[in-house]
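[1] Pasting a predicted model and its sequence here:
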Amino acid sequence: MRLIYGLLALSILPLTVAANEVATPSADALRKHPTDSWLTNGGNLFNQRFSPLKQINTGNVDKLKGVRRVHLNGSGVGPPYSGEAQPIVHNGIMYVITGANDVFAIEVETGKFLWIYESGLDPEISTLCCGWTSRGVAIGEGKIFVGRLDSKLVALDLTTGVEQWSVQAERWQDGFTITSAPLYYNGMVITGFGGAEYGVRGRIKAFNAADGSPIWTFYTVPGPGEVGHDTWPQDSDIWQRGGATVWQTPALDPELGLLYFATGNPGPDFNGAVRAGDNLFSASIVAIDVDSGTYRWHFQEVHHDLWDYDAANPVVLFDIDLDGESRKAIAHPGKTGWVYILDRVSGQPLIGIEERPVPQEPRQRTAATQPYPIGDAFVPQSMEMPLYGLPYINEGRIFTPYWKDIVAIRPSSFGATAWPPASYDPRTQALFICGMDLIGLFTGGTQDDGAPQQQFLGGDFLFDTQRVGIFASIDLHTNRLRWRQRWEDNCYSGSTATAGDLIFTGQNDGRFAALDSNTGEMLWEFQTGAGVNAPSAIFEHKGEQYVAVYAAGALFAQSPPGDSLWLFALSGTLNEVAPGAAAATTLAGTIGGAKAQDGGSAPGAALYARYCGQCHGTMGEGGHGGGPDLTRTFAREHIVSMVTIGNKQMPGFGSVLTFDQVQHLVDYVSSGLGEN
């Protein structure tokens, strides 16, 4: 790791008092809606991502301009990186982490770096599901807490960036990574881990904020004698690789002393034959005691999940009046396309959820019923017509089973919504959801060998080529749509709501937008030059409201890469910039393997260098992004499918490559990558 100071030591001195002020943020301060700060990844402990500020509102947002654009030294630019972090803001300093896990402390007033922490991640990390990314950091006790892709949890001094402690929370070699922002609360740092696609047993852990020592561990796949273990086969140890990982930052109710989170899919993803039962606590909302990590309640959204409908979106806590009674509630927008609304004290549905019979496939050991929330789905859950060349089974409805032959089902494994977090407006009890409409092509029932650092899927991630975004507002009184709109491309950024009746959200082509929260009408757009695939942080500094957002692109959004932290205000003078070039991350023909022997740039080699080299290696030997070795022989049809459609481990490039470009790239890969 390397630490770089951007300012003179004297300029750090005024921050010392501020660091002491945040030494032990109270539960009340962390629960309140943020004003002059943004102290948690979700805005507050309830994960509401709501700002009570309204200096910027529907009447003047069209005057919003950039105050400054800060380049983050090229950190995390291009494949395999994604920029998905929501900034933390405290006392005039913004803290943002890149996909390379480098952390930058930046002055609001000047845009200068206070310090830079360079992670020095091992380029050999290979157990990553969905690219190199981080969704944020945490702040508390005068420290910045960083969860890294190598599964280290690190504490940095708030004012200097100097490492205070580091613990190996888990090992990436065992399949674990940290992509979510940690949560600081009451002397603890709490984090989940990714890794379900690599056959791990999911868990969430709490560490002492003072020194990193462990406090408790909660396993999301229960062991023998624990609640839920009987939902796994009793004659095998498959539960030890059962997945159910925690992808997102939890929410917390200090009054109840409960920590809430949602869990990932069971493992293997697409072969239910080896894991008969409901497979708790996968695809579930779970509540545990925050001080001890002991189980309190759960609600499973998908029994015996076969569709990778993991609960990847953060949960949201809120209080609501229903039938004249004030209720403590929790909501979660699922990959299924429904919002699950529960009593957060008991875990019981507040608005009805019915168990309904579903079609069966005995070879997959399918569950007899699935939960159907009463209310509106925010994305389509069936197909109006068949896809060419594929059977039309059960109209492609959600929960349609399958075996080894491909079956088209809606929604796909990318879901109605994945990690991009929802926001919530307490004034209207509205939830705002960033979603996707995409048909999945499901096939499974295969046996994986279970080797370390190898994927544990039981099938393949396959998708239709047509995807669109859906942005929706749900009334949490009724679980019905308030409004909904279709986007040209998938929504992959999340959102932040404000008391100015605005929703701030990003688009893949680089536009940062403000919508009217009551109608969904687009009121303002600003081209940032790179995909806006991260939620914004909103705060007030010296009487002026600011909006900060990280524009860096994302691997799975296929969006233009960049390294910019943008700051907006009504006093801003910076205009829009030119749109970035999608996936243009490497100068074609300039890295190893990209030049033809005659010195000219072969079309396929140039395309490979631009789109594939950083993940698969410059000579196809496997690279920085964990892409597999391409020097072995593949069927041409498989290469065409991966280049155009992709799978969950890599994006398809069918939307950005012409037919001829696809053929050139496929020729290059299938011929053994030039000289290889």
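    Perfect, I can see it now.
[2] Residue ranges in the stretch 251-400 of the chain under the pLDDT threshold?
    Low-confidence segments of the stretch 251-400 of the chain, defined by pLDDT under 70, are absent.
[3] In which helix or strand does residue 428 reside?
    Here residue 428 sits in a region with no helix or strand, counting by DSSP states H and E.
[4] same deal with the one 5 residues further on?
    Taking DSSP H and E as the criterion, residue 433 maps to strand 430-444.
[5] Which strand or helix spans the most centrally placed residue in the chain?
    With distances taken as Cα atoms, centre = their mean, residue 419 lies nearest the centre of the chain, 3.3 Å away. Following DSSP H and E, one finds residue 419 outside all helices and strands.
[6] my guess is it contacts residue 312, does it?
    Yes. Here residue 419 reaches residue 312: they are 4.8 Å apart, a contact under Cβ atoms under 8 Å. In this view, the C-beta of every residue, glycine as well, is placed from N, C-alpha and C.
[7] Can you tell me the SS state at residue 515?
    Assigned by DSSP: H, G, I helix; E, B strand; the rest coil, the conformation of residue 515 is strand.
[8] Name whatever forms a beta bridge with it.
    residue 503, residue 522 (DSSP bridges).
[9] What's the separation between it and residue 451?
    47 Å (Cβ to Cβ, to the nearest Å).
[10] Which neighbours do residue 419 and residue 312 have in common?
    Shared contacts of residue 419 and residue 312 (Cβ atoms under 8 Å, 6 or more residues apart in numbering): 247-248.
[11] Give me the mean pLDDT for the strand holding residue 433.
    Strand 430-444 carries an average pLDDT of 96.
[12] Give me the sheet partners of it and which way each runs.
    Using DSSP bridges, the strands paired with strand 430-444 are strand 407-409 (antiparallel), strand 423-425 (antiparallel), strand 459-460 (antiparallel), strand 463-475 (antiparallel).
[13] Compare those and say which comes out lowest on pLDDT.
    Lowest mean pLDDT within these: strand 459-460, at a mean of 88.
[14] okay, stretch 410-417 in CSV with CA atoms only?
    C-alpha atoms of stretch 410-417 as CSV (Å, rounded to 0.1, in the frame of the first residue of the first chain):
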residue,chain,number,x,y,z
ARG,A,410,-38.5,-13.3,-17.4
PRO,A,411,-36.9,-11.8,-15.4
SER,A,412,-33.3,-13.0,-16.0
SER,A,413,-30.6,-13.7,-13.4
PHE,A,414,-29.7,-10.1,-13.6
GLY,A,415,-33.1,-9.6,-12.1
ALA,A,416,-35.6,-6.9,-12.0
THR,A,417,-33.0,-5.1,-9.9
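[15] Go ahead and name everything in contact with that stretch.
    For stretch 410-417, the surrounding residues in contact (Cβ under 8 Å, 6+ apart) are 269, 307-310, 312-313, 333-338, 377-383, 396-398, 433-442, 461, 463-464, 467, 470, 490, 648.
[16] quick one: average confidence on it?
    95.
[17] repeat for stretch 533-546
    For stretch 533-546, mean pLDDT rounds to 98.
[18] How far does it sit from its chain's centre?
    21 Å (Cα atoms, centre = their mean, to the nearest Å).
[19] Please apply the same query to stretch 180-192.
    Centre-to-centre, stretch 180-192 and its host chain are 17 Å apart (Cα atoms, centre = their mean).
[20] buried residues in it?
    180-186, 188-192 (16 or more other Cβ atoms under 10 Å).
[21] now do stretch 524-537
    Buried residues in stretch 524-537, counted by 16+ other Cβ under 10 Å: 524, 526-537.
[22] just to revisit the earlier point, neighbour-wise, which of residue 515 and residue 451 wins?
    Neighbour tally, residue 515 and residue 451, criterion other Cβ atoms under 10 Å: the higher count belongs to residue 515, 26 against 9.
[23] need the contact list for that one.
    Shown in contact with residue 515 (Cβ under 8 Å, 6+ apart): 471, 502-503, 505, 521-523.
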